[in-house]
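> I would like the atomic coordinates for the input below:
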Amino acid sequence: GLYTFVRTYLNHRIALFSVLIFYTVPWVGIESFFPYIDLGLGCYAWLAMYGLINWITRKEIGWSVLCGVFTGITVSIKYNGVHNALIIGLSMMLYVLWKHFSNEPATSQQEGCYFSRSLWYFVLSAVLVGSPWYVKNLLWTGNPIYPFFFGGGEWDSMMLQRYMAEYQIHFATLRDHLWF
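Model prediction:
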């Protein structure tokens with residue numbers, strides 16, 4: 001995604017250099033060898049942003065749908081993906097409002113409908129792709145964002161303490177390996 005984006009807007013050499021710089025970031029290299037989901041989350045968050053930029057520049061409704069699909073994937077990968085969904089969704093909404101209230105003579109009624117429709121397609125595709133995990137959590141535990149906030153299932157204060165202790169041990173150990 002990064003290579004294609006940079007090649008589209010700049011050129012082939014800069015695109016290769018961008019990918020090289022990205023992969024030389026220490027955290028990216030380290031995460032590549034561990035079975036964590038954060039790189040996947042970052043990849044789909046980037047693809048959602050790529051879809052948003054292409055939707056704005058190319059004015060094709062398909063990019064809005066793809067942006068929604070990738071946003072839905074980020075939300076379904078990890079709860080932190082909600083931040084990406086909010087940023088992308090607010091960006092689309094602000095762009096639609098800006099186009100609606102701009103004094104540009106090229107902004108017609110038909111173009112305004114296009115942008116509003118694109119926003120709805122984005123929301124629909126993001127919800128359709130991202131919601132199955134939340135529905136599953138709701139059906140299995142009674143909490144769509146299990147184990148956070150509302151408890152559910154067998155999540156109690158003892159489980160929270162164990163989770164936090166394991167979390168602190170894991171990241172303290174990982175931090176010791178990262179800082180030589």
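> any idea which element the residue lying closest to V6 once chain neighbours are set aside lies in?
The shortest distance from V6 to any non-neighbouring residue, by Cβ to Cβ, 6 or more residues apart in numbering, is to A15 (3.9 Å). (C-beta placed from N, C-alpha, C; glycine too.) Assessed by DSSP states H and E, A15 sits inside helix 12-24.
> What residues of the following helix or strand past that helix count as buried?
Using DSSP H and E, the helix or strand that follows helix 12-24 in sequence is helix 26-31. Neighbour counts using 16 or more other Cβ atoms under 10 Å place E31 of helix 26-31 among the buried residues.
> Other residues contacting helix 26-31?
22-23, 38-39, 178 (Cβ atoms under 8 Å, 6 or more residues apart in numbering).
> Next, give phi and psi for the closest residue to K78 other than its chain neighbours.
Excluding its sequence neighbours, the residue lying closest to K78 (Cβ to Cβ, 6+ apart) is L41, at 5.2 Å. With angles defined as degrees, to the nearest 10, L41 sits at phi -60, psi -50.
> Would you mind measuring from L41 to Y79?
Between L41 and Y79 the distance, using Cβ to Cβ, to the nearest Å, works out to 10 Å.
> who has more neighbours, those two?
Neighbour totals were compared for L41 and Y79, and L41 leads with 18 against 12 (other Cβ atoms under 10 Å).
> hmm, who's touching the helix or strand where Y3 lies?
According to DSSP H and E, Y3 maps onto helix 2-9. Contact partners of helix 2-9, identified using Cβ under 8 Å, 6+ apart, comprise 14-16, 18-19, 22, 46, 50, 53.
> of these, buried ones?
Neighbour counting with 16+ other Cβ under 10 Å marks 15, 18, 46, 50, 53 as buried within those.
> So in this structure, which helix runs the longest?
helix 109-141 (DSSP state H).
> Buried ones in that one, by neighbour count?
Neighbour counts over helix 109-141 (16+ other Cβ under 10 Å) mark 114-115, 118-119, 121-123, 125-126, 129-130, 133-134, 137, 141 as buried.
> Could I get the contacting residues of V127?
By Cβ under 8 Å, 6+ apart, the contact set of V127 is G72.
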